[in-house]
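1. based on what follows, work out the 3D shape:
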Amino acid sequence: MADYRIFETEQFTKDLKAIAKAGHTRLERKLREVVYLELRARPHFGPHIKRLKGWEPETWRYRIGAWRFFYEIDEAKRIVLMTATSRRGSAY
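-> Prediction:
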């Protein structure tokens, strides 16, 4: 079965630029080089992946340290849509 494709919303891109501007370039590199590979193969399962309860539309989060990356999954089109990112304290 084909891998999922990854798309980033405008908000997600804006959040990532702010993170990089704040000096967290390693975080962005890890997201693109490690996390995206995992999400393309298995966006539902992993040690840092969790489905958020009570969120509509159905939303998932990937954790890297104090950062949370939020995404939705379109099963029919096999797309992972990265929607937002936030530090742990302000994420929920």
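
2. grab the most central residue of the chain for me.
-> residue 69 (3.7 Å; Cα atoms, centre = their mean).

3. state which helix of this structure is the longest.
-> The longest helix of the chain (DSSP state H) is helix 10-21.

4. can you point out the buried residues in that one?
-> 12, 15, 16, 19 (16 or more other Cβ atoms under 10 Å). Where you see a C-beta, it was placed from the backbone N, CA and C, and this is true even at glycine.

5. how far away is the first one from residue 2?
-> What that stands for is residue 12. Distance of residue 12 to residue 2, given as Cβ to Cβ, to the nearest Å: 23 Å.

6. strands of the chain, start to end?
-> In the chain, the strands defined using DSSP state E lie at 5-8, 49-52, 59-64, 67-74, 79-87.

7. CSV for these, including mean pLDDT?
-> Formatted as CSV, the strands of the chain follow (pLDDT from 0 to 100):
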stretch, mean pLDDT
strand 5-8, 97
strand 49-52, 96
strand 59-64, 95
strand 67-74, 96
strand 79-87, 94
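
8. need these in TSV (columns: distance to residue 28).
-> Converted to TSV, those look like this (distance: least, Cβ to Cβ, whole Å):
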stretch	distance to residue 28
strand 5-8	12
strand 49-52	19
strand 59-64	10
strand 67-74	10
strand 79-87	10
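
9. out of these, the one nearest residue 39 is which?
-> strand 79-87 (5.0 Å; Cβ to Cβ).

10. can you tell me what sits against the closest one?
-> With contact meaning Cβ atoms under 8 Å, 6 or more residues apart in numbering, strand 79-87 is reached by 4-9, 11-12, 15-16, 19, 39-40, 43, 59, 66-74.
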